[in-house]
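Student: my questions are about this predicted structure, shown below with the sequence.
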Amino acid sequence: MQTHTKEALASLIAALALIGVIHSGIWFTMFGTPDFRILGFPFHYFWMIAGGPAAMFVLYWGYYQYVTTSIMDEKAQLNASAGDVSGADEVGAEPGDADD
Amino acid sequence: MIRPLPLQEMGEYPFQETFTDLLIPLIIIGLTFVAYYGISYYMKNKIKGTDDYMVAGRTIGPFVNGSAISATWESLATFMGVVALMVTVQIPFLAVWTNFLLSIPLIVILYGQTLRRLGSYTPATFCKDRYGNTMSVVMALLIVFVMLMYALGQFIGLAQIAEILFGWDYTLSLFVIAALVTGYVVIAGMWGVSYNSALQFWIMLTAAFFPMMIVLHQLGSSGWFFPPLGYGDLVPEMEATNPGFFDMTFDTRWYFAMFLAMALGPIGMPHLAQRIFTSRDVEAGRKTVFWFVAVTGLMFATIYSVAFAGVMWLGQEGFEVAEADFDKMIFYLNFAFSGNSITGYVVAGAIAGGLSTVSGHMLAISAAVANDVIEAFELDITEDRKTQAGYASVIAAGLIIALIALNPPAFLVVSILWAFAVSAAAITPVIVLGVWSARVNRYGAIASSVVGFVTVVALSPHAIGGLGAGAEGLTADLGIDAIMIAFPLSILTFVIVSLVAERIDALNVDPESNRNLINEMHGYPDDNVDRFTSAVPLIVLAVLMLPILWWGIQPW
């Protein structure tokens, strides 16, 4: 699979996963609210105030690791192999001063 | 659900409603303003050009940016509106508010890092590069409209706080607030605003967190030392006094519509995106999300405890409050449990929330006018002149917002959240699809923005009225019934017009003309390889919009 396809899929999956964990209102109205408690709170309330944001943090960490290691490495290799033609054409706005 | 009293006059409640001694609260609030101006004054020497004024020279690290984004994002509403809506709407509003947590991670994943790499100032800068001058002007106008709607509510709220606090009339309060905010934004632009917003976040968090420890302790919670999660032992009492507090209340479509408006809307908000553009590099932009989620999650959980404690306190004491006064619940609670001095710090926290958000709005308006409009019309001016135009547009924005706030049109103040529906339908699709597909073009983008904007405005009960999308009450007020129609229509228009335009020779659409830009913004080499050129994802997306549109037009 080409790098840009992997990048697009990783972004799509990460976005959908984050939306899935945080938008629990959809799930709770579709499937009902579980009948157990965490720290004294009904599960659905706990999920909204703490569980969802914590799950979001972990999911984003997975995305971050994948992009900063795998995808960025592949991009660096592509840029290195195309070094002779890279930057030949200036397009759009001035690029930022730094990049990763 | 709480049963509100009719409108009350000051002093009619059986509890303290305002300060009985202003000296210490005024000293606390005054000190925070000294800090804000001190930071701006210290930072002003760093302003050398447009990059410094609009995006802080692209030097901001993840911790400062995460805190600053959180403050910009939370606004005065976190202290006042959120507590009020939690008290009245209860759990469903919590489900709405958690949507907002999605916005920054989605901005970074979907376009923040690519536009940061490209060196954009605002989404309109990107539109100029990607779609051309006409779309850039359309986007700049949308940015100004949405930011004005949003900032207006903040100015009115801040003026009302000053009105209550000092007893000044509304007009005087409004212009004093406008002058104070404009002052520190003008002095140091995004440099000062970034570091001020970061400080403002920590003032907000401490102003909510520590006073709530006192409140929860006195309400009898054993976990009072950690307000975000420490009040679980009060739940049985809440269920006894307010049996419906934990009910989901609405149906699935309501929550889905909330996702469209409240998660996809903020993605298009330029004052949030602009913060990612200030990151010192793309990697720092990505890391910002960790700090944002951590500190914002902590802040939200603390604010939910305020609403919970407010409802419980009213129930325990048998007090009733007029609906218009639910906004002040956090102050009433602190007056009751902590007295004047600590409530003074809570008010300083609320003011910090308003200042951080409105300063972001003013800089977004400034960047749209002083950079994007000037570039779109290809005016030949020097870098110094452009920076001066930035200063002038911040002052003009402050003045215009204050003047509108004097006698605001009803549709502009009914709901700040309504602006999110406009953003979700008219701004977000154009930016996100422009980043991820080389097949969308300026014809599709312009048509999509116009259709999205017009649909939200036409179906809203606030602007024209009489048409409507079928819902009433909160659902219609928040514009969420309109978004169920406007968003899918906007995407369908974007995809269909873009693909049809490709086939009309006279329109000269060439997807390959975007090749260099697409490669550059994603960090690929300029190696003449076409990337993101398949039309299949666009067609799949368009097809997915059809059931949403059908769902949206069903009677509510």
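Tutor: Cool, got the structure.

Student: ok, and the closest non-adjacent residue to residue A:29?
Tutor: In space, and not counting its chain neighbours, residue A:29 is closest to residue B:252: 4.4 Å by C-beta to C-beta, 6 or more residues apart in numbering or on different chains. Where you see a C-beta, it was placed from the backbone N, CA and C, and this is true even at glycine.

Student: the one you found against residue A:30, yeah?
Tutor: Yes. Here residue B:252 reaches residue A:30: they are 5.5 Å apart, a contact under C-beta atoms under 8 Å.

Student: neighbour count: those two, which is higher?
Tutor: Comparing residue B:252 with residue A:30 by other C-beta atoms under 10 Å in any protein chain shown, the one with more neighbours is residue B:252, at 16 against 11.

Student: ok, that one - contacts?
Tutor: Neighbour list for residue B:252: A:26, A:29-30 [criterion: C-beta atoms under 8 Å, 6 or more residues apart in numbering or on different chains].

Student: so which of those residues are in helices?
Tutor: Mapping the contacts of residue B:252 onto helices (DSSP state H) picks out A:26, A:29-30.

Student: alpha carbons of stretch B:511-521, as PDB, please.
Tutor: Provided in PDB are the C-alpha atoms of stretch B:511-521 (Å, rounded to 0.1, in the frame of the first residue of the first chain):
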ATOM      1  CA  PRO B 511      -6.900  18.000 -11.000                       C
ATOM      2  CA  GLU B 512      -3.200  17.700 -11.800                       C
ATOM      3  CA  SER B 513      -2.800  21.400 -11.200                       C
ATOM      4  CA  ASN B 514      -3.100  20.700  -7.500                       C
ATOM      5  CA  ARG B 515      -0.500  18.000  -7.500                       C
ATOM      6  CA  ASN B 516       2.400  20.200  -6.100                       C
ATOM      7  CA  LEU B 517       0.200  21.800  -3.500                       C
ATOM      8  CA  ILE B 518      -1.200  18.500  -2.300                       C
ATOM      9  CA  ASN B 519       2.200  16.900  -2.100                       C
ATOM     10  CA  GLU B 520       3.700  19.800  -0.300                       C
ATOM     11  CA  MET B 521       1.000  20.100   2.400                       C
END
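
Student: pLDDT of that stretch, averaged?
Tutor: For stretch B:511-521, mean pLDDT is 84.

Student: flag every buried residue along it.
Tutor: When burial is assessed from 16 or more other C-beta atoms under 10 Å in any protein chain shown, stretch B:511-521 yields the following buried residues: B:511, B:514-521.

Student: same question for stretch B:21-28.
Tutor: Residues of stretch B:21-28 classed as buried under the neighbour-count rule (16+ other C-beta under 10 Å) are B:24-25, B:28.

Student: just stretch A:68-82 next, same as before
Tutor: In terms of neighbour count (16+ other C-beta under 10 Å), stretch A:68-82 has its buried residues at A:71-72, A:74-75, A:78-79, A:82.

Student: now, which of those residues lie close to chain B?
Tutor: Contacts with chain B within these, counted by C-beta under 8 Å from any C-beta of the partner chain: A:72, A:75, A:78-79, A:82.

Student: where does the residue nearest to residue A:29 land on pLDDT?
Tutor: Residue B:252 carries a pLDDT value of 91.

Student: one more: residue B:290?
Tutor: In this model, residue B:290 is scored at 97, pLDDT.

Student: same question, residue B:5
Tutor: Note on residue B:5: pLDDT of 54.

Student: again with the one 10 residues further on
Tutor: Confidence per residue is given as pLDDT, and for residue B:15 that number is 89.

Student: next one: it from chain A, what distance?
Tutor: Per C-beta to the nearest C-beta, to the nearest Å, residue B:15 is found 27 Å from chain A.

Student: quick test: name the residue nearest the centre of the chain.
Tutor: You didn't pick a chain, so chain A it is. In chain A, the residue lying closest to the centroid (C-alpha atoms, centre = their mean) is residue A:14, at 3.6 Å.

Student: let me rephrase: I mean chain B.
Tutor: Central residue of chain B (C-alpha atoms, centre = their mean): residue B:73, 4.8 Å from the mean position.

Student: ok, that residue - contacts?
Tutor: Residue B:73 makes contact with B:100, B:103-104, B:266, B:272, B:296, B:357, according to C-beta under 8 Å, 6+ apart.

Student: how about the nearest residue to residue 63, chain neighbours excluded?
Tutor: Picked chain A for this. residue A:14 (3.9 Å).

Student: correction: the question concerned chain B.
Tutor: Distance criterion C-beta to C-beta, 6+ apart; nearest residue to residue B:63, sequence neighbours excluded, is residue B:291 at 5.4 Å.

Student: repeat that for residue B:256.
Tutor: Nearest residue to residue B:256, sequence neighbours excluded (C-beta to C-beta, 6+ apart): residue A:26, at 5.8 Å.

Student: count the neighbours of that neighbour for me.
Tutor: Residue A:26 has 18 nearby residues by other C-beta under 10 Å.

Student: for it, which residues are in contact?
Tutor: B:252, B:255-256, B:259.

Student: do you know how far the residue nearest to residue A:63 is from residue B:475?
Tutor: Separation of residue A:14 from residue B:475 (C-beta to C-beta, to the nearest Å) stands at 30 Å.

Student: for residue B:439, same thing?
Tutor: Look at residue B:439 and residue B:475: by C-beta to C-beta, they are 35 Å apart.

Student: repeat for residue B:134
Tutor: 35 Å.

Student: looking at these two, which is more packed in?
Tutor: A side-by-side neighbour count of residue B:134 and residue B:475, using other C-beta under 10 Å, places residue B:475 first with 20 against 15.

Student: and the ones next to chain B among the buried residues of stretch A:68-82 as TSV, adding pLDDT, secondary structure and distance to residue A:48?
Tutor: Below are those laid out as TSV (pLDDT from 0 to 100; DSSP: H, G, I helix; E, B strand; the rest coil; distance: C-beta to C-beta, whole Å):
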residue	pLDDT	secondary structure	distance to residue A:48
A:72	91	helix	34
A:75	92	helix	37
A:78	91	helix	42
A:79	89	helix	43
A:82	82	coil	47
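
Student: filter the contacts of residue B:73 to the buried ones?
Tutor: Neighbour counting by 16+ other C-beta under 10 Å classes B:100, B:103-104, B:266, B:272, B:296, B:357 among the contacts of residue B:73 as buried.

Student: before we move on, the earlier item: my read: the residue nearest to residue A:63 touches residue A:59, true?
Tutor: Yes. Assessed by C-beta under 8 Å, residue A:14 is found in contact with residue A:59 at 6.9 Å.

Student: measure how buried the residue of the stretch 151-300 of chain B at minimum distance from chain A is and give me the count.
Tutor: Closest approach between the stretch 151-300 of chain B and chain A, counting by C-beta to the nearest C-beta: residue B:232, at 2.3 Å. Using other C-beta under 10 Å, residue B:232 has 18 neighbouring residues.

Student: residue A:39 is in contact with that one, correct?
Tutor: Yes. Taking C-beta under 8 Å as the definition, residue B:232 is a contact partner of residue A:39 at 4.4 Å.

Student: which residues are common contacts for the two?
Tutor: Residues touching both residue B:232 and residue A:39 (C-beta under 8 Å, 6+ apart): residue B:223.

Student: which residues of the chain score low on pLDDT?
Tutor: I'll assume chain A. Within chain A, the ranges that satisfy pLDDT under 70 run A:84-100.

Student: think we crossed wires, I meant chain B
Tutor: B:1-11, B:409-415, B:417, B:462-470, B:473-474, B:477-479.

Student: scan it for its longest helix.
Tutor: As assigned by DSSP H, the longest helix anywhere in chain B is helix B:170-219.

Student: so what's residue 59 up against?
Tutor: Just so you know, I chose chain A. Applying C-beta under 8 Å, 6+ apart to residue A:59 gives the contacts A:14, A:17-18, A:21.

Student: that's the wrong chain, I meant chain B
Tutor: The contact partners of residue B:59, by C-beta under 8 Å, 6+ apart, come to B:278, B:280.

Student: what about 6 Å?
Tutor: Residue B:59 is in contact with residue B:280, counting by C-beta atoms under 6 Å, 6 or more residues apart in numbering or on different chains.

Student: which of the residues in stretch B:436-456 are buried?
Tutor: By 16+ other C-beta under 10 Å, the buried positions in stretch B:436-456 come out as B:436-449, B:451-453, B:455-456.
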